[in-house]
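Asks: Provided below are the primary sequence and the corresponding predicted coordinates.
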Amino acid sequence: MSSVNAGPEANRAPVTQEAVVDAALALLAEGGLDAVSFRRIAKEVGVSGPTLYWHVDNKRQLMDLMAEELFRRAGVPRTEPGPDEPWWEWLREDARRMFSALVATRDAPQVLAGNRPGRDSLARIDRSLAVLVDAGLSPGQAQHALFAIGAYVIGSATEWQAEAERSRSTPAPAADDVAADERRAEVLAGRPVLLAAITEVLGEPHETTFEFGLDLLVQGLRARFAPQA
C-alpha cells in the first residue's frame with residue numbers, strides 16, 4: 001500500500017552519472033572549480049551527499065568525467081582527418097577547437113590538467129594514434145605528439161583565463177593610448193628590444209600568441225615526418 005506521506009523523492013527520476021556530471025559542469029560555469037563540491041552537486045540533483053559515491057569514486061574521477069563531457073559538447077577531438085584534410089591540419093584544427101572549448105568555461109583548463117581518459121575513450125584515442133602512425137610516427141612518438149599539443153593548449157588556455165581575470169580589474173592599455181605609450185617608453189628607457197616587442201604585441205589580436213606556438217608545434221611535426229618535396 002502506498003504511503004500518503006511519501007515525499008517528492010518517491011517520484012524523482014533515478015540519479016545517473018550523467019546527471020551528476022551535468023550538475024558539476026553547471027556549477028563550474030557558474031562559479032569556477034571552487035564551486036564544484038559533492039555537497040553542492042548533491043543539492044542540485046536532489047540527493048544526499050553519500051549517494052553520489054554510487055556514481056563517482058572521488059573528485060578526481062569526477063573531473064575526468066567532466067573533461068570528457070566538455071570535449072564531447074565541443075565536438076573535440078575528432079578521431080581522424082576529414083576528407084582530403086592533411087593530418088597536420090587535423091591536429092591544428094582540433095587544437096583550436098580544444099582551446100576554444102577550454103577558454104569558454106571558467107577553470108576548464110584546470111579540470112582537464114591531469115585528466116585520464118575513461119574506458120569509453122580508449123577506442124577513439126587508438127584511432128587518433130593510428131592516424132599519426134600511418135603518417136610515419138612510431139606509436140610512442142604519436143603519443144608524445146598528442147600529449148605535447150594537448151599540454152600546450154591547456155597551458156595556453158590557463159594563461160589566457162588568468163590574463164582575462166586580471167584584465168577585469170587592471171585592463172591592459174589600448175594600442176593607441178598615447179599616454180600609456182609615453183609611460184612605457186619612460187619605464188623601458190635603455191631596453192629598446194623589449195619596448196619594441198611589447199609595442200608590437202599590443203597591436204595584435206589575443207589569439208596571435210596561441211597561433212604562433214601552435215604553428216611551431218604543427219609545422220615542426222610536419223617538417224620531421226612529412227617533409228615537402
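Replies: Arrived safely.
Asks: roughly how far out does the longest helix seen in the chain sit from the chain middle?
Replies: As assigned by DSSP state H, the longest helix anywhere in the chain is helix 139-169. Mean C-alpha position of helix 139-169 versus that of the full chain (CA atoms, centre = their mean, to the nearest Å) differs by 7 Å.
Asks: and that helix, what does it pack onto?
Replies: helix 87-103, helix 108-112, helix 122-134, helix 208-225 (3 or more CB pairs under 8 Å, 6 or more residues apart in numbering; DSSP states H and E). Where you see a C-beta, it was placed from the backbone N, CA and C, and this is true even at glycine.
Asks: Adding mean neighbour count, write those helices out as CSV.
Replies: Listed next are the helices and strands packed on helix 139-169 as CSV, based on neighbours: other CB atoms under 10 Å:
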stretch, mean neighbour count
helix 87-103, 20
helix 108-112, 23
helix 122-134, 15
helix 208-225, 15
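Asks: Next, format these as a markdown table and append distance to Ala151.
Replies: A markdown table is the format used below for those (distance: least, CB to CB, whole Å):
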| stretch | distance to Ala151 |
| --- | --- |
| helix 87-103 | 11 |
| helix 108-112 | 10 |
| helix 122-134 | 15 |
| helix 208-225 | 10 |
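Asks: nearest residue to the spatially most central residue of the chain other than its sequence neighbours?
Replies: Closest to where the C-alpha atoms of the chain average out (CA atoms, centre = their mean) is Leu102, at 3.2 Å. Take Leu102 and drop its neighbours on the chain: the residue closest to it by CB to CB, 6 or more residues apart in numbering is Ala157, 3.8 Å away.
Asks: Quickly find the element holding Arg40.
Replies: Using DSSP states H and E, Arg40 maps to helix 38-45.
Asks: CA atoms only for the lowest-mean-pLDDT helix or strand in the chain - export them in PDB, please.
Replies: The weakest-scoring helix or strand in the chain, judged by mean pLDDT, DSSP states H and E, is helix 178-187 (a mean of 85). The C-alpha coordinates for helix 178-187 follow below in PDB (Å, rounded to 0.1, in the frame of the first residue of the first chain):
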ATOM      1  CA  VAL A 178      49.400  57.800 -26.300                       C
ATOM      2  CA  ALA A 179      49.800  58.400 -22.600                       C
ATOM      3  CA  ALA A 180      50.400  54.700 -22.000                       C
ATOM      4  CA  ASP A 181      53.000  54.600 -24.800                       C
ATOM      5  CA  GLU A 182      54.900  57.500 -23.200                       C
ATOM      6  CA  ARG A 183      54.900  55.900 -19.800                       C
ATOM      7  CA  ARG A 184      56.100  52.600 -21.300                       C
ATOM      8  CA  ALA A 185      58.900  54.300 -23.200                       C
ATOM      9  CA  GLU A 186      60.000  56.000 -20.000                       C
ATOM     10  CA  VAL A 187      60.000  52.800 -17.900                       C
END
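Asks: returning to what we had before: and the residue nearest to Leu102, what does it touch?
Replies: Ala157 sits next to 99, 102-103, 108-109 when contact means CB atoms under 8 Å, 6 or more residues apart in numbering.
Asks: from the residues you listed, which is closest to Glu93?
Replies: Lowest distance from Glu93 to these (CB to CB) belongs to Phe99, with 10.7 Å.
Asks: List the contacts of the closest one.
Replies: 153, 156-157, 210.
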